[in-house]
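Chemist: Structure of the sequence below:
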Amino acid sequence: MGRFLYPVDTDQFADIRKDGKVYVDKTDMVFDLVGKYRYVFLARPRRFGKSLLCNTFKAYFQGQKELFEGLKIAELEKEWKKYPVLHFTMSGLKNCTIPEAKSALELFIGDYEKIYGRNMAEETPGKRFRGLIHRACEQTGEKAVVILDEYDSAIMRLMYEPEQLEAMRTMLREFYQVLKDEGAYLRFVFITGVTKFSQLSIFSELNNLTQISMYDEYSGLCGITQEELDTVLRPCVEEYAQNLEITTDEAYALLKKNYDGYHFSRKSQDVYAPFSVLRAFDGRNTDHYWFESGTMTSLIEHLRHYPLKTALQYDGVKVGLDEFNISCESASTPIPLLYQSGYLTIDSYEPLLKTYTLHFPNLEVRSGMVSGLMPLILKRTTADGNSLTRNMASSLFSGDVSGAISALRSYIAKIPYDIITKEEWNDKESRESFYKLLLYMAFSMLDSTVDTEVKSVLGRADVVIKTRTDIFVLELKVDDTVDHALEQIDSKGYAIPYEADGRKVTKCGVSISSEARNITHWRVVDADGNITDEQVFGL
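Modeler: So this is what the prediction gives:
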């Protein structure tokens, strides 16, 4: 057993503190928020610690001082007043019909009415909520605190069912409207979700709600920052390294590659996916934990309303703020969905043009996306994709790049022709985009086995593959020659960064014919330009 206990099975702040489990202290930001604002909204992807944060606010406002001993807030808070806290976890409404959602709300309210009483004249959830707040204040002598976790759970699955969506909104709007009307009775309101509240037309009247989702100073409020990983979590990283029998530096590199890369504002800190990092520590392994938790199933259901392949083509997209914050149900692309759900994140911001560049944050997300969507896009089984990965990796580990390309060629040969339309096939740009997407998926899957860098999805299709002994630099051309591919490797200097690496550097030019619908020519050369292998296939 390791030295540390990790909170992989709970989001309850009290349990984590009482059981001595690893806790990354964010309480100074909790204190700061409470001092600055009365109505706060935070949007973050699922599995990012929103529920833990809600439970932290709950314990704080309940005055549970003993739980905060040794934390930053203990030096800041002097009063530790106790307030009536009304905490609603809305995730239980996720798969509910409208009558079921209404009943669930009434049950939530009923739990607190056992404490503060009920007026039987209050019939609807909204009226009961309003009365509950009043009685809580009257009986305690303090204003109420309201915490709404995952407020949008009931809405998300209805995004593409207009009538049901509006009916659910109407029911929830009455409930949430109370927060606007009863401000005189409220000390603090904290709301979390995946989607921006303004997009769902639920809080149309709640104009005093401060959205901190893109505030630089709160970019690390949920998740694990690089600084936290380097300091308070360093002993955990060291234990993780020992378990994997690698150096601490190698462990940091592994964690960064797989789980880092989230940015939630223009000047955001580097943020790691907390669920994945803690699962990796606890399981003493590196895996795609975020996707194991069911994110892919939900995503695919949403993506069925768009061409599936487009989801992978937005890695590196440039958008204005309004474009990726638009309502999901009215968007013409999946960009808002991908950003809000954590599949895309902010990579950079151009102030002059006021544009954001969005990217897949890390290997876990990119590989998970590819492995989940590849069977649907290419109409091949997951087993086929896994077999391709094994065959390509086996060849590369033995230094045989031709064997890897041959395995890819065999895979392409079995892809059905009807995965793109005749119109798309007759368009040269569409054909090129399809093959580049196919190659992107293949090498992205390989990335979990060997160290692969796919430079661009729709730009140049250059790929760098690293094993312990070899570095392979590949350039891929559609309806063009391997001569041009190899010339580009040299003219652009793709291999230069690796010349002093110590590993054997090999360059490979690959040509794909849209007429043959496959790879028809590849040539392998060594660092000095000598041809070591070449294969040509007829049309």
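Chemist: if I look at residue 79, how far off is residue 60?
Modeler: Summarising the geometry, the distance separating residue 79 from residue 60, computed by CB to CB, to the nearest Å, is 11 Å. Every residue, glycine included, has its C-beta placed from N, CA and C.
Chemist: neighbour count winner among those two?
Modeler: Counting neighbours by other CB atoms under 10 Å for residue 79 and for residue 60 shows that residue 60 has the greater number, 25 against 7.
Chemist: ok, how many other residues are close to residue 162?
Modeler: Applying other CB under 10 Å, we find 10 other residues in the vicinity of residue 162.
Chemist: what's the answer for residue 239, then?
Modeler: Count around residue 239 with other CB under 10 Å applied: 17.
Chemist: What average pLDDT does the helix or strand harbouring it get?
Modeler: Here residue 239 is covered by helix 234-244, with elements defined by DSSP states H and E. On average, the pLDDT along helix 234-244 is 96.
Chemist: Show residues contacting that helix.
Modeler: With contact meaning CB atoms under 8 Å, 6 or more residues apart in numbering, helix 234-244 is reached by 2-4, 22, 229, 247-248, 250-252, 254-255, 280-281, 284-286.
Chemist: so how far is it off the chain centroid?
Modeler: How far helix 234-244 lies from its chain's middle: 24 Å, per CA atoms, centre = their mean, to the nearest Å.
Chemist: Ok, stretch 123-142 next?
Modeler: Taking CA atoms, centre = their mean, one finds the center of stretch 123-142 at 37 Å from the center of the full chain.
Chemist: Check stretch 27-39 too.
Modeler: Counting by CA atoms, centre = their mean, stretch 27-39 comes out at 26 Å from the chain centroid.
Chemist: Stretch 162-170 too?
Modeler: For stretch 162-170 - counting by CA atoms, centre = their mean - the centre lies 27 Å from the chain centre.
Chemist: Flag every buried residue along that stretch.
Modeler: With burial defined by 16 or more other CB atoms under 10 Å, the residues of stretch 162-170 counted as buried are 165, 168, 169.
Chemist: Apart from its chain neighbours, what residue comes closest to the first one?
Modeler: Put plainly, it is residue 165. What sits nearest to residue 165 in space, not counting adjacent residues and going by CB to CB, 6 or more residues apart in numbering, is residue 158, at 4.3 Å.
Chemist: That neighbour in helix, strand or coil?
Modeler: When the structure is split into helix, strand and coil by DSSP: H, G, I helix; E, B strand; the rest coil, residue 158 lands in coil.
Chemist: again with residue 436
Modeler: Following three-state DSSP, we place residue 436 in the helix state.
Chemist: any idea how far it lies from residue 506?
Modeler: When CB to CB is the yardstick, residue 436 and residue 506 sit 22 Å from each other.
Chemist: in the chain, what spans have low per-residue confidence?
Modeler: Low-confidence segments of the chain, defined by pLDDT under 70: 1-2, 196-207, 293-295, 325, 328-329, 448-462, 539.
Chemist: mind saving the C-alpha coords of stretch 282-291 as CSV?
Modeler: Listed next in CSV are the C-alpha coordinates belonging to stretch 282-291 (Å, rounded to 0.1, in the frame of the first residue of the first chain):
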residue,chain,number,x,y,z
ASP,A,282,-4.0,5.6,-6.9
GLY,A,283,-3.9,2.9,-9.6
ARG,A,284,-0.1,3.2,-10.1
ASN,A,285,-0.6,3.3,-13.8
THR,A,286,-1.2,5.7,-16.7
ASP,A,287,-4.5,5.2,-18.5
HIS,A,288,-7.4,7.2,-20.1
TYR,A,289,-9.4,7.5,-16.9
TRP,A,290,-11.6,10.4,-18.0
PHE,A,291,-13.1,8.4,-20.8
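Chemist: So for it, what gets flagged as buried?
Modeler: Using 16+ other CB under 10 Å, the residues of stretch 282-291 that count as buried are 282, 286, 288, 289, 290, 291.
Chemist: So which of these belong to helices?
Modeler: For the buried residues of stretch 282-291, the ones inside helices are 282, 289, 290, 291, with DSSP state H as the criterion.
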